[in-house]
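Asker: Quick one: sequence plus predicted model below, questions after.
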Amino acid sequence: MNNHNVTKMKPSFFAPLFIIISILFLQQISFADAQKGEIEKVCALTEAPDVCISIIESDPRSINGGLKTFVIITLGKALSMADGLKDRCPDVYARLVNHLGDAIEKVQNDQIPTAILCVIAAINDVASCYHTSLLTILHIALTILKLLK
């Protein structure tokens, strides 16, 4: 009989590590799906759900965020779009930047009624300058803000 030298393989630490990483990955996917569902649920209440979802999901803060984070993301997007008013409506632009900056600060400090007033003022200013896409985003922010109230 031929005796072959058989070496027993010791279990590698990679197998348990792989299992743990796989479980964590699946949990992350599950959490991301739940968060996506929450974003869709909130955005369904706005006048432009697809725009709302696109704005919020494009920001990495949305992964761990709730309504407050969603509002801040939306207000930040509106602020970034405000540049389109610089040349056309400089006075509106200046007021808008102030209103949105104040609104973001108020949301961060849980002063929701005051933040709502800031966004309403921003909407009134932008309406006079006919920037439709910016108005849509401001209305989305206002709707989400009202959910925080």
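Answerer: Happy to help now that I have it. Numbers count the residues shown, from 1 in each chain.

Asker: isn't residue 53 right up against residue 40?
Answerer: Yes. Residue 53 lies in contact with residue 40 (Cβ atoms under 8 Å); the separation is 6.1 Å. (C-beta placed from N, C-alpha, C; glycine too.)

Asker: Show me which of the two is the more surrounded one.
Answerer: residue 53 (19 against 14; other Cβ atoms under 10 Å).

Asker: Endpoint to endpoint, stretch 58-74 covers what distance?
Answerer: Start-to-end span of stretch 58-74 (Cα to Cα, to the nearest Å) is 11 Å.

Asker: just use 634 as the starting number from now, easier for me
Answerer: Got it, the first residue is 634 from now on, which makes the last one we talked about stretch 691-707.

Asker: Contacts for that stretch, please.
Answerer: For stretch 691-707, contacts defined as Cβ atoms under 8 Å, 6 or more residues apart in numbering pick out 665, 668, 671-672, 675, 685, 688-689, 709, 737, 740-741, 748, 770, 773-774, 777-778, 780-781.

Asker: how does it look with 7 Å?
Answerer: 665, 668, 672, 675, 688-689, 737, 740, 770, 773-774, 777-778, 780-781 (Cβ atoms under 7 Å, 6 or more residues apart in numbering).

Asker: Quick check on those: which are buried?
Answerer: Neighbour counting over the contacts of stretch 691-707 (16 or more other Cβ atoms under 10 Å) leaves 668, 672, 675, 688-689, 737, 740, 770, 773-774, 777-778, 781 as the buried ones.
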